[in-house]
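Colleague: need the 3D shape of this:
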Amino acid sequence: MKVAKWKVLTVAGALVLGYAVSSQAVQLKVDEDTFADFGFWTKIRYTYQDELTKNGYEKNEFNVKDARFNIEGQVNKLVQFYGEFVADSAVPGENGAKLEEAGINFAFIPEFQVRLTKGRIPFTRAQAANDYALLDQLGPWYDPQDILKGNSVLYSGKDAGPLKLLRKSDGGAVVHGVVANGMLKYSVGIFDTLNREKQLRDVMWAGRVEFSPPIAGFNAEPVDPIKGWVNDSYLGKKGDILTIGLGFYSETNADNIYWNGTAWTTSTNYGKDLDTTGWTVDAFLEKKFGCSVLNLEGGYINLNDSHFYYDAANNTKRGDTTIWYGQGQLFYDQVVGIGKPALYVRYENISADGPDDDYDVQTWGVGVNYYIEGNAARLSAGFKNVNYDDDASDYLGSNGEDNITDWFVQAQIMF
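Modeller: Residues are numbered from 1 along each chain as shown. Below you'll find the model as predicted:
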């Protein structure tokens, strides 16, 4: 089939024009109401990983953390879309490309929109965070020993521990909107459950409300209605920002489960259900002081009945998980060399009920970010120290280290 030359020239012209319009994406534009932006993002990381076992060995690893191809645009002003495909070589057995997120957003009015998606769960701020705008690139809930992501004692459903409940995305539908020019934002969603055995019978509910107080000099945080993402920092480009968030979550994670002395199993006679509910409160502040931009963020997360555990008598019990966290960055908004430097710090305290004490995990992260072209071209370096305490340390025993420090250096681009 022959393609008319004018069609080829039209597409080529649209691509060239789109690149001229945006320095971080190529745009295919049909008309003012119909267009699509295409992008490529990637992170290259070196990690020095502390030994995980007693008398073990440290690891030195260079890796492409991920490589993302994304598309975002609209068919018209009412129907918007996005998609993100990731090739992840850092996860064993997942070296091929996979669909990370995708969605269609019906933008009826700013106050009422509907997103059908495999996308972000609107519960905690961390779940909505753009991975390429994180201050600490090793991310939240860092657990190199997988103590709270899933082990033989703490059970939150198939192949999961309590931290896996805070996954970033899943399939679902979200009703969301912006009220009073962004002073109030809301999102309410229904999603698939983590409990894959009953994912067609059970559903997960999540909701989040964000409030930007009408304080003189502060702006509402920018809205991303298509994807539902937020940034850890806007580098002072959106003015001073203050956001207070509240979230709720409910999910059935396991049915008729009990510990039989050697493994978690199902029994209608002895088993218990695990109906998890959670709530969170958090706050985000970005404030410019002369040539510097200060970012502060902190929050509390409570998960009720987040997991099962068993005691010394092999009794099956339900446990809760709490998380405190805080982070900050001081960004110098002046070019030093070829970019703008920043210093960040992050702290987390995670506690999950256990048979004797709690499974406690405390984490410190400190590092620097060097923004050459904002997040579009950025260098990062830092470390995280993870200390496992009480039942978590006892679980590791003589086979695992309970104090670990990992270092990393990373370069990322967003085109």
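Colleague: what about residue 34, neighbour count?
Modeller: Counted with other C-beta atoms under 10 Å, the neighbours of residue 34 add up to 14. Placement of C-beta: from N, CA and C, glycine included.
Colleague: the closest residue to residue 191 other than its chain neighbours - how many residues pack around it?
Modeller: Sequence neighbours aside, residue 172 is the residue nearest to residue 191 in space, at 3.3 Å (criterion: C-beta to C-beta, 6 or more residues apart in numbering). By other C-beta under 10 Å, the residues close to residue 172 number 22.
Colleague: quick check: next helix or strand after the strand or helix carrying residue 172?
Modeller: If you go by DSSP states H and E, residue 172 is part of strand 169-179. Next along the chain after strand 169-179, taking DSSP H and E as the criterion, comes strand 184-191.
Colleague: ok, back up a step: which elements pack onto the strand holding residue 172?
Modeller: The contact analysis (3 or more C-beta pairs under 8 Å, 6 or more residues apart in numbering; DSSP states H and E) places strand 169-179 against strand 97-109, strand 112-120, strand 184-191.
Colleague: buried ones in the longest one?
Modeller: Neighbour-count burial for strand 97-109 flags 100-103, 105, 107 (criterion: 16 or more other C-beta atoms under 10 Å).
Colleague: in this structure, where is pLDDT below threshold?
Modeller: Across the chain, the ranges flagged by pLDDT under 70 are 1-24, 88-96, 195-200.
Colleague: now do the helices in it.
Modeller: 5-21, 125-128, 391-396 (DSSP state H).
Colleague: out of the helices and strands packed on strand 169-179, flag the one nearest residue 75.
Modeller: strand 97-109 (9.0 Å; C-beta to C-beta).
Colleague: as a markdown table, the helices and strands packed on strand 169-179 with distance to residue 149 would be great.
Modeller: A markdown table is the format used below for those (distance: least, C-beta to C-beta, whole Å):
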| stretch | distance to residue 149 |
| --- | --- |
| strand 97-109 | 19 |
| strand 112-120 | 19 |
| strand 184-191 | 19 |
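Colleague: residue 313 is nearest to which of those strands?
Modeller: Going by C-beta to C-beta, the one of the helices and strands packed on strand 169-179 nearest residue 313 is strand 184-191, 36.5 Å.
Colleague: what's the offset of the closest one from the middle of its chain?
Modeller: 16 Å (C-alpha atoms, centre = their mean, to the nearest Å).
Colleague: parallel or antiparallel, which strands does that strand pair with?
Modeller: According to DSSP bridges, strand 184-191 has the following sheet partners: strand 169-179 (antiparallel), strand 204-211 (antiparallel).
Colleague: nearest to residue 45 among the ones you listed would be which one?
Modeller: With C-beta to C-beta, the closest approach to residue 45 among those belongs to strand 169-179: 21.5 Å.
Colleague: for the closest one, output the C-alpha coordinates as PDB.
Modeller: What follows is strand 169-179, C-alpha atoms only, in PDB (Å, rounded to 0.1, in the frame of the first residue of the first chain):
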ATOM      1  CA  SER A 169      -0.400   0.700  41.400                       C
ATOM      2  CA  ASP A 170      -3.000  -1.800  40.500                       C
ATOM      3  CA  GLY A 171      -6.000  -2.100  38.100                       C
ATOM      4  CA  GLY A 172      -9.000   0.000  39.000                       C
ATOM      5  CA  ALA A 173     -11.100   3.100  38.600                       C
ATOM      6  CA  VAL A 174     -10.700   6.400  40.300                       C
ATOM      7  CA  VAL A 175     -13.200   9.300  40.700                       C
ATOM      8  CA  HIS A 176     -11.200  12.500  41.300                       C
ATOM      9  CA  GLY A 177     -11.400  16.200  41.100                       C
ATOM     10  CA  VAL A 178     -10.100  19.700  42.000                       C
ATOM     11  CA  VAL A 179     -12.200  22.200  44.000                       C
END
